[in-house]
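Colleague: Return a 3D structure for these sequence lines:
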Amino acid sequence: MRPIVEVARELGLEEDDLELYGKYKAKVNLSVLRRLEGAPDGKLIYTTAITATPAGEGKTVTAIGLAQALRKLGKRVSVCLREPSMGPAFGIKGGAAGGGKARLVPSDDINLHFTGDIHAVGAANNLLAALIDNHIHHGNRLGIDPRRITWKRVLDVNDRALRKVVIGLGGPGNGVPREAGFDITVASEVMAILCLAQDLEDLRHRLGRMLVAYTYDHKPVFVSDLGVEGALAAVLKDAIKPNLVQTLEGGPAFVHGGPFANIAHGNNSVLATKTALKLSDFVVTEGGFATDLGAEKFFDIVHGYTGLTPDVAVLVCSVRSLHMHGGVEKGKEAEEDIDALRRGFANLDHHIGILRKFGLDAVVAINRFPTDSGEEVDCIRQHCAELGVRAAVSEVVARGGEGGVELAEAVLEALSRRASGFRPLYDWNLPLKEKVARIATEVYGADGVDFTPQAEGELARLTELGFGGLPVCMAKTQHSLSDDPSRKGAPKGWRLLVREARGALGAGFVVCIAGDMMTMPGLPKEPAALRIDVDPEGTIRNLQ
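Modeller: Okay, the predicted model is just below:
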């Protein structure tokens, strides 16, 4: 690894612009972005993927490898990614710092505690939870109804046993007994705010307008009513600063913020992306999961608040994942099957169509595995050509930046052809239910939307309170375009069920929970934690 001060100099930064976390990690001071306010922005390359399968699409490695390839071509480039959560790292997904020769380093640090940002989010979230219960215990001046507290505690571990809990047992000295629950930390609204805030003042303001409860007479209670937004901002004063690390080939990488895309808005921090755009000619970023999740939320939420606009989209697929969308069983996805591959094109085509709805050119990145046959790779190329879409093979896991040069050249060609025709999907002034319907029908391919009485009531309440003009953040399975994870390909003849709605008013969106989506995941039968170990020298094993 290069000393991080040396990596920073490649971007034009000096040591005084950094707060060092050892030799290989640093935070970038917010003063850098203020200083560069008038500088031109680089081109924003948005990386997304087809619908997730157990076979793996390779979106993160593609984003890292593409940045390495552009740097190999002599371009001044940065990659911007989210911080991994420890929940998936010890659960089913494992590490999320890339793989093979398309990795970020120091990988183990990034996958675990890193610079403490996620812990700071959890601390701020849980401080607020404690302050709410303390307010009730000491007289309840605001008249908060304990049955209508909407704020949950969080933990950066997958723990299904904490989804529903009862607190305050043991007598009057231990608070008021009530039902409560936990979400995973990255699903906290505090994480969303950290990633959308544009400076410390904006962070404090957004924290103050978080909705946490209702009173006995059904009036909303905000953090500003408790008067603790300043304390929460103090906990997050360092976490808001973007983190700088490097790719395996020594190129700059900003890793900051970590909202999941299936239960939150799924994109790295605005501050990291804006800083990278001022310091680089090209910035490669990614959204969580597929175009129907992270990408849609960037296009409809992040863009609306910040003006950040993608210049081109990279859509990642693999032969294996297309096999699974074509009906191949898990465990057989590496076997050659042209017929299944062709059936899987329905999912690829749907995601290309989503990007076109947003006015974006797509470059399809074929993340090649060693077992992929040349015939199947050529079949994908031909299919994309018939659709008028560029396609390029990526072998960045095996070959690093060199394996991504074909993809990088295709992206540069797309950028040179025309300016982005980007446009959001909906006008924020539409009613909340209509915004949900737009996403369901035009992005997911549903025939319509059904709402439970609970969801209907909460959406009506938020509208009455004056928040109907906010964008919608869908919490939906990543395993299907539909709300049923078992339906692969491009399902037809189904309706989206919205069972719950929540106002994330500090973040600035309304969360609509579809299907059986959980905001606190559970661990699988054989979690990754069973394989992870550390040797006597302190080297961590099997975290990737």
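Colleague: immediately after the helix or strand of the chain with the lowest mean pLDDT, which helix or strand?
Modeller: Ranking every helix and strand in the chain by mean pLDDT, DSSP states H and E puts helix 86-89 at the bottom, with a mean of 88. Once the chain leaves helix 86-89, the next helix or strand it forms, by DSSP states H and E, is strand 98-99.
Colleague: who's in contact with that next one?
Modeller: Residues from elsewhere that reach strand 98-99, judged by CB atoms under 8 Å, 6 or more residues apart in numbering: 60-61, 64-65, 104, 107, 248, 397, 544. From N, CA and C alone the C-beta is placed, and that goes for glycine too.
Colleague: Let's see which of the residues you listed end up in helices.
Modeller: Under the assignment DSSP state H, the contacts of strand 98-99 contribute 60-61, 64-65, 107, 397 to helices.
Colleague: Please tell me which one of those counts the most neighbours.
Modeller: Within the ones in helices among the contacts of strand 98-99, most neighbours by other CB atoms under 10 Å means residue 65, with 38 neighbours.
Colleague: Export the ones in helices among the contacts of strand 98-99 to TSV and append columns for distance to residue 500.
Modeller: As requested, these are exported to TSV (distance: CB to CB, whole Å):
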residue	distance to residue 500
60	30
61	34
64	35
65	38
107	36
397	38
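Colleague: count of residues packed around the nearest residue to residue 167 once chain neighbours are set aside?
Modeller: Excluding its sequence neighbours, the residue lying closest to residue 167 (CB to CB, 6 or more residues apart in numbering) is residue 180, at 4.9 Å. Residues within reach of residue 180, counting by other CB under 10 Å, total 18.
Colleague: Next, the contact list for residue 180, please.
Modeller: With the criterion set at CB under 8 Å, 6+ apart, residue 180 makes contact with 149, 152-153, 165-167.
Colleague: if we can go back for a sec, ok, of the ones in helices among the contacts of strand 98-99, which one's closest to residue 295?
Modeller: Distances from residue 295 to the ones in helices among the contacts of strand 98-99, taken as CB to CB, are shortest for residue 60 (14.3 Å).
Colleague: pretty sure the closest one contacts residue 79?
Modeller: No - using CB atoms under 8 Å, residue 60 makes no contact with residue 79, being 9.6 Å away.
Colleague: Mind picking the lowest-pLDDT entry from the contacts of strand 98-99?
Modeller: Lowest in pLDDT among those is residue 544, which has 71.
Colleague: From residue 241, how far off is that residue?
Modeller: Distance, residue 544 to residue 241, using CB to CB, to the nearest Å: 27 Å.
Colleague: again with residue 462
Modeller: 32 Å.
Colleague: Let me know how buried residue 409 is, in neighbour terms.
Modeller: Residue 409 has 15 nearby residues by other CB under 10 Å.
Colleague: And for residue 265, nearest residue in space, chain neighbours not counted?
Modeller: residue 297 (4.5 Å).
Colleague: Repeat that for residue 100.
Modeller: residue 397 (3.5 Å).
Colleague: ok, residue 325 touching residue 347?
Modeller: Yes - between residue 325 and residue 347 a contact is recorded at 4.2 Å, counting by CB under 8 Å.
Colleague: domain assignment for this structure?
Modeller: Per automatic domain parsing, the structural domains of the chain span 4-115+239-417, 117-232, 432-514.
Colleague: Of those domains, which is nearest residue 526?
Modeller: Of the domains of the chain, nearest to residue 526 by CB to CB is domain 4-115+239-417, at 8.9 Å.
Colleague: How many neighbouring residues does the nearest residue to residue 111 once chain neighbours are set aside have?
Modeller: Counting by CB to CB, 6+ apart, residue 111 lies nearest to residue 95, which is 4.2 Å off, once chain neighbours are set aside. Burial of residue 95 is recorded as 24 neighbouring residues (other CB under 10 Å).
Colleague: Could you pull up the mean pLDDT of stretch 467-483?
Modeller: 96.
Colleague: For residue 293, which non-adjacent residue is closest in space?
Modeller: Residue 293's closest residue in space is residue 261 (CB to CB, 6+ apart), at 4.2 Å.
Colleague: Noted, bye for now.
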